[in-house]
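>>> need the 3D shape of this:
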Amino acid sequence: MKPVKFGVIGTGSITEWFIKAGSKLEGFEVKAIYSRKLERAKEFGEKYDIELFFDDIEKFAKCEEFDAVYVASPNFMHKEHTIICMENGKDVLCEKAFASNKKEAEEMINCAIKNNVLLMEEMRLTCTPNFRNVKNSLDKIGKIRRYSANFCQYSSRYDKFKEGIVLNAFKKELSNGALMDIGVYCIHPMVNLFGKPKNIKANAIKLSTGVDGEGSIIFEYEDMLADIRYSKITQSNIPTEIQGEDGSIIIDKMSLFGDVRVEYRKGEVEDITAELEVEKDEKFEVDSIYFAVKEFMTLFREGKKESKINTYQNTLTVMEIMDEVRKQIDLVFPSDEK
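Next up is the predicted model:
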């Protein structure tokens, strides 16, 4: 099987998850890593037997030792890093949130088309077999009337924030905050399943740095409603639910698109959870990011330039929604003003 050789931008925990998930796929290789600090790139890369290290993004993008790039830099750098790699012929898997705003996302997609390269947003939930099973089971619950998603996860960085130490997760200049980091996981599946809403009403609690700590959004569709709750400053284990006139689909853990079941109005319960392709790791549940990497590698090997799951249109719709939400809660990123 043709190997897929990656260069990686970013050295955070998400990159470690990417490498750990990818290592379970045949032909996955990481050849190089970029960080603004060369020592950091070396320190990180040596843990995974990576041999090439860069602190110059131009040299990284021109390197011929890899064909694809995983972009896991801060959100505000996604556009710049993705475009420079694509202009040098590299296919790109870009972390969510895809960009700071829709305008940047359009520039990235246009660049991919111009350079005839593969570009995909790493929205992992929609690539999972559980999501596919949910999508294929919608007709079982009759006419859909509500999508109600919940993802509230107390950030490990929030304690530091309360001590006066502001880490990247709560920095507006990096295009961060609860919507971009957490809320996006609720919006993407909604758009994939039901398309673009007619109307949006958003509220949020903002922190002293100007970013949102938590928020809620109500969406109006033609004959259904949707609501989402997301937070980085509180914790919740309430499941996500899709309500139909004949029953509901329950998703137990939105962050991973965990166990899923159909609860019919008349009392029957049907488990529609997919069987695992690989064993779960004790410290990292591979069932979500693994499938996004698998989708990208399949597209790469087949020479395709766009995912049919995480389509350009879905990405642009999500970015447009988040732009409108930020407008309503008065959250402006420096990237918006450029």
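>>> residues contacting the closest residue to Ile182 other than its chain neighbours?
Nearest non-adjacent residue to Ile182, counting by Cβ to Cβ, 6 or more residues apart in numbering: Tyr230, 4.4 Å away. Glycine gets a C-beta too; all of them are placed from N, C-alpha and C. Counting by Cβ atoms under 8 Å, 6 or more residues apart in numbering, Tyr230 touches 150-152, 178-179, 182-183, 185-186, 214-216.
>>> and Tyr230, that one's in a strand?
Yes: under DSSP: H, G, I helix; E, B strand; the rest coil, Tyr230 falls within a strand.
>>> so which of the contacts of Tyr230 comes closest to Gly89?
When those are ranked by distance to Gly89 (Cβ to Cβ), Tyr185 comes first, at 31.1 Å.
>>> which residue packs closest to the closest one, ignoring adjacent ones?
In space, and not counting its chain neighbours, Tyr185 is closest to Phe151: 5.3 Å by Cβ to Cβ, 6+ apart.
>>> which parts of the helix or strand where that neighbour lies are buried?
Using DSSP states H and E, Phe151 maps to strand 144-152. Using 16 or more other Cβ atoms under 10 Å as the test for burial, strand 144-152 gives 144-145, 147-152.
>>> among those residues, which one sits closest to Lys160?
Using Cβ to Cβ, those come closest to Lys160 at Cys152, 18.9 Å.
>>> so who does that closest one touch?
182, 214, 229-231, 234-236, 238.
>>> beta partners of it?
Ser231 (DSSP bridges).
>>> and Thr209, backbone torsions?
phi -80, psi -10 (degrees, to the nearest 10).
>>> same deal with Val8?
Dihedral angles for Val8 - degrees, to the nearest 10 - are phi -120, psi 130.
>>> quick one on the thing from earlier: now the contacts of Tyr230 as CSV including distance to Val260 and secondary structure?
Below are those laid out as CSV (distance: Cβ to Cβ, whole Å; DSSP: H, G, I helix; E, B strand; the rest coil):
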residue, distance to Val260, secondary structure
Asn150, 14, strand
Phe151, 15, strand
Cys152, 19, strand
Ala178, 24, helix
Leu179, 25, helix
Ile182, 20, helix
Gly183, 21, helix
Tyr185, 15, helix
Cys186, 15, helix
Glu214, 25, strand
Gly215, 25, strand
Ser216, 23, strand
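>>> residue contacts, the residue nearest to Tyr185?
182-183, 185-186, 228-231, 240, 254-255.
>>> report the buried members of the contacts of Cys152.
For the contacts of Cys152, buried by 16+ other Cβ under 10 Å: 182, 214, 229-231, 234.
>>> excluding chain neighbours, give the residue nearest to Cys127 in space.
Of all residues beyond its chain neighbours, the one nearest Cys127 is Phe291 (4.1 Å), with distances taken as Cβ to Cβ, 6+ apart.
>>> and the nearest residue to Leu207 once chain neighbours are set aside, what pLDDT?
Counting by Cβ to Cβ, 6+ apart, Gly213 is the residue found nearest to Leu207 once chain neighbours are left out, at 4.7 Å. We have a pLDDT of 98 for Gly213.
>>> where does this structure have low pLDDT?
Counting by pLDDT under 70, the chain has low-confidence residues at 279-287.
>>> okay, strands next: where are they in it?
With DSSP state E, the ranges of strands along the chain come out as 4-9, 28-34, 52-54, 68-71, 91-95, 119-122, 144-152, 199-206, 212-220, 225-231, 240-244, 247-251, 260-264, 269-271.
>>> for these, give me a markdown table that also has distance to Asp330.
Shown next, in a markdown table, are the strands of the chain (distance: least, Cβ to Cβ, whole Å):
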| stretch | distance to Asp330 |
| --- | --- |
| strand 4-9 | 31 |
| strand 28-34 | 34 |
| strand 52-54 | 38 |
| strand 68-71 | 28 |
| strand 91-95 | 26 |
| strand 119-122 | 26 |
| strand 144-152 | 22 |
| strand 199-206 | 8 |
| strand 212-220 | 10 |
| strand 225-231 | 17 |
| strand 240-244 | 27 |
| strand 247-251 | 31 |
| strand 260-264 | 36 |
| strand 269-271 | 43 |
